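K.L.:
build me a model:
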Amino acid sequence: MPVFAILIAALAIGFEQLIQWKYGPMGIIAFIVLSVGLKAKNTTLSGIGAAILVLLLAQSG
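P.N.:
Numbers count the residues shown, from 1 in each chain. This is a model prediction of the structure:
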């Protein structure tokens, strides 16, 4: 079980670094808002974070 938790944490940190590298500070803020919204089961906060990420993805494409 600890190995699984370490693996999940490493993947989350890697994903966070990728977002920050590619989309800058706004991407990391959106990712944090999305993850906090999901953990708190707050659909408004999750929706805002997801919308910001979608807007950032649409700009880069």
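
K.L.:
hey, let's count contacts and neighbours off CA atoms from now on
P.N.:
Noted.

K.L.:
quick one, helices of the protein?
P.N.:
Secondary structure of the chain (DSSP state H): helices at 2-39, 43-60.

K.L.:
can you redo the ones you listed as a markdown table with mean neighbour count and mean pLDDT?
P.N.:
As requested, the helices of the chain are exported to a markdown table (neighbours: other C-alpha atoms under 10 Å; pLDDT from 0 to 100):
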| stretch | mean neighbour count | mean pLDDT |
| --- | --- | --- |
| helix 2-39 | 15 | 85 |
| helix 43-60 | 15 | 89 |
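
K.L.:
contacting residues around the residue most central in space within the chain?
P.N.:
Nearest to the centroid of the C-alpha atoms of the chain, with distances taken as C-alpha atoms, centre = their mean, sits F31, at 2.6 Å. Shown in contact with F31 (C-alpha atoms under 8 Å, 6 or more residues apart in numbering): 16, 19, 49-50, 53.

K.L.:
tell me who's in contact with the residue lying closest to I29 once chain neighbours are set aside.
P.N.:
Closest residue in space to I29, ignoring its immediate chain neighbours: G49 at 7.9 Å, by C-alpha to C-alpha, 6 or more residues apart in numbering. By C-alpha under 8 Å, 6+ apart, G49 lies in contact with 29-35, 37.

K.L.:
one more pass at 10 Å, please.
P.N.:
27-38, 43 (C-alpha atoms under 10 Å, 6 or more residues apart in numbering).

K.L.:
for these, which one is nearest V3?
P.N.:
Of all the contacts of G49, S35 has the smallest distance to V3: 22.2 Å, by C-alpha to C-alpha.
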